[in-house]
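[1] Predicted structure and sequence below. I'll ask about it afterward.
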Amino acid sequence: MVIVGPPGAGKTTVGRVLARRLGVEFTDVDALLVERAGKPIADIFLQDGEDVFRAMEREVVAEALAGTDGVLALGGGSVLAAQTRERLRGHRVVYLTVGLADGLRRTGMSTARPLLAGVNPRATFKALLDARAPLYREVATVEIETDRRSANQVARAVLVAVGELAASAPDEPVDPDDPLDLPTPHESALLPDPGLRP
């Protein structure tokens, strides 16, 4: 099973949950890239440039698709490469969607995400979502919405969608101390009314 989606969709977190539930290994392409380069992804972008990063990413994705079993999480931009999209044919591909508000909140506009840095991160993120959505849909077997859902809820939805779990199967009990059971809070819970002043 291959997980794709934009930054903030929860590919790594949900991928780990899915691998645990399925009893298989989890592999993260971003972690493989960091291991191969010997430095963080942000440093690869800054020091070597995006072209070098994308070439390395294509190579790592091709190796991972050919040589790993279990659940594989791709980087958000992996689907930009036509070769990668072609290699995904025949694989069970899950596209995790995320809305603008939840995506921004989850990424925190982290400096570890070089494509989201800039003068207007909100506009940059929206443009990224708009540009990549058709590519994610092109390769996807199933599409699962992640907004205001916990990692466990998303994983369950994935397992039902791919036929690994019956829709009628009882939900696992929610553990308030388990971060994987905590959904992304509703936007209004985090963003104050702009008319209010402290």
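    Received, thanks.
[2] tell me what the helix or strand residue 95 falls within is packed against?
    Assigning secondary structure by DSSP states H and E places residue 95 in strand 93-97. Secondary-structure packing of strand 93-97 (3 or more Cβ pairs under 8 Å, 6 or more residues apart in numbering; DSSP states H and E): strand 2-4, helix 121-139, strand 142-145, helix 151-161. Yep, even glycine has a C-beta here, placed from its N, CA and C like the rest.
[3] how about a cut-off of 7 Å?
    Helices and strands touching strand 93-97, by 3 or more Cβ pairs under 7 Å, 6 or more residues apart in numbering; DSSP states H and E, are strand 2-4, helix 121-139, strand 142-145.
[4] Output the contacting helices and strands for the second one.
    So that's helix 121-139. Packing partners of helix 121-139 (3+ Cβ pairs under 7 Å, 6+ apart): helix 82-87, strand 93-97, helix 100-107.
[5] Out of the ones you listed, the one nearest residue 164 is which?
    When the helices and strands packed on helix 121-139 are compared by Cβ to Cβ, strand 93-97 sits nearest residue 164, at 11.1 Å.
[6] mind checking how far that closest one is from the chain centre?
    Centroid separation for strand 93-97 versus its chain: 8 Å, with Cα atoms, centre = their mean, to the nearest Å.
[7] Contacts for that strand next, please.
    Residues outside strand 93-97 that contact it (Cβ atoms under 7 Å, 6 or more residues apart in numbering) are 1-5, 9-11, 14, 136-137, 139-146, 154, 158.
[8] mind running it again at 6 Å?
    2-5, 9-10, 136, 139-146, 158 (Cβ atoms under 6 Å, 6 or more residues apart in numbering).
[9] out of these, who has the most neighbours?
    When neighbours are counted by other Cβ atoms under 10 Å, residue 9 leads those with 29 neighbours.
[10] surely it meets residue 98?
    Yes - counting by Cβ atoms under 6 Å, residue 98 is a contact partner of residue 9 at 4.3 Å.
[11] shared neighbours of the two, anything?
    With Cβ under 6 Å, 6+ apart, residue 9 and residue 98 have common neighbours residue 146.
[12] ok, so what distance separates the nearest residue to residue 95 once chain neighbours are set aside from residue 162?
    Nearest residue to residue 95, sequence neighbours excluded (Cβ to Cβ, 6 or more residues apart in numbering): residue 140, at 3.7 Å. Applying Cβ to Cβ, to the nearest Å, the value for residue 140 to residue 162 is 11 Å.
[13] and if you look at residue 16?
    Per Cβ to Cβ, residue 16 is found 17 Å from residue 162.
[14] what do you get for residue 11?
    15 Å.
[15] who's more crowded, these two?
    Between residue 11 and residue 162, residue 11 has the larger neighbour count (other Cβ under 10 Å), namely 28 against 17.
[16] you'd agree that one is up against residue 4?
    No - with contact defined as Cβ under 6 Å, residue 11 does not count as touching residue 4 (7.1 Å).
[17] that older thread, and the helices and strands packed on strand 93-97, which one averages the lowest pLDDT?
    Mean pLDDT is lowest for helix 121-139 among the helices and strands packed on strand 93-97, at a mean of 89.
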